[in-house]
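Visitor: Need coordinates for the below:
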Amino acid sequence: MKTFSITLALLCCYAFSFAQSDSTATEIKEDFNKIVEMPRFPGCEHLPATERKKCADLSMLKYIYSHIKYPPAAKKAGVEGTAIVQFTVNTDGTLSDTKIVRNPGYGTGEELERVVHQMVEDNIIWIPGKNQKGEFTRVMFNLPIKFRL
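Guide: Next up, the predicted model:
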């Protein structure tokens, strides 16, 4: 029986993230320059600021590993690759606007999207991003997961 692994590319999560504005692309670019604290998965607020991101990334990884399943069709077809789901972390820490932006096929992108929707159903409230003024701001977040047999 083949084994598989699903790898969370945490560095890419933040590299692909940018602020979202309700208006024009110019304002999105301006907001991007103002983000000083990216949103993060909850559960590590008790730690010093220097350790929070690493802890939050590990907590998110643990959550994803406990919920994601390699799609049977993808396993049967031998499909591997990186799926990316994009979503918005709102100012109250809720998630919205989920969409698949990269899909290796055979249900891999849909499975990752399902896990993000599961976060919403499980009432997981993220720590929202902050701008230079210290205000919470909406941030678009890309979550890449590598499916590998």
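
Visitor: From here on, just use CA atoms for contacts and neighbour counts.
Guide: Noted.

Visitor: How about the contacts made by Lys76?
Guide: The neighbourhood of Lys76, defined by Cα atoms under 8 Å, 6 or more residues apart in numbering, contains no residues.

Visitor: Helix or strand: which one has it?
Guide: If you go by DSSP states H and E, Lys76 is part of helix 72-77.

Visitor: May I have the distance across stretch 68-81, first residue to last?
Guide: Across its full length, stretch 68-81 reaches 15 Å between end residues, using Cα to Cα, to the nearest Å.

Visitor: as a whole number, average confidence for the helix holding Lys76?
Guide: Averaged over helix 72-77, pLDDT sits at 97.

Visitor: That one: which residues count as buried?
Guide: By neighbour count with 16 or more other Cα atoms under 10 Å, helix 72-77 contains the buried residues Ala74, Lys75.

Visitor: Could you measure from Ser66 over to Val115?
Guide: 10 Å.

Visitor: what sits up against the next helix or strand along the chain from the helix holding Lys76?
Guide: Secondary structure here is assigned by DSSP H and E; on that basis, the next helix or strand after helix 72-77 toward the C-terminus is strand 81-89. Contact with strand 81-89 is made by 20, 39, 95-104, 108-109, 112-113, 126, 128-129, 138-148, as judged by Cα under 8 Å, 6+ apart.

Visitor: hmm, which of these are the buried ones?
Guide: Using 16+ other Cα under 10 Å as the threshold, 20, 39, 95, 98-100, 102-104, 108-109, 112-113, 126, 128-129, 138-148 are the buried ones among the contacts of strand 81-89.

Visitor: Take those residues and keep only those in strands.
Guide: Cross-referencing these against strands under DSSP state E gives 95, 98-100, 102, 129, 139-148.

Visitor: And those, which is closest to Asp122?
Guide: Within those, the smallest distance to Asp122 is 11.4 Å, found for Leu95 (Cα to Cα).

Visitor: Could you pull up the residues touching that closest one?
Guide: Applying Cα under 8 Å, 6+ apart to Leu95 gives the contacts Phe87, Thr88, Val89, Val120, Ile125, Trp126.

Visitor: out of those residues, who has the most neighbours?
Guide: In terms of neighbour count, Val89 stands highest of the contacts of Leu95 at 27 neighbours, by other Cα atoms under 10 Å.

Visitor: What separation do you get for Ile64 and Ile100?
Guide: Using Cα to Cα, one obtains 16 Å as the distance from Ile64 to Ile100.
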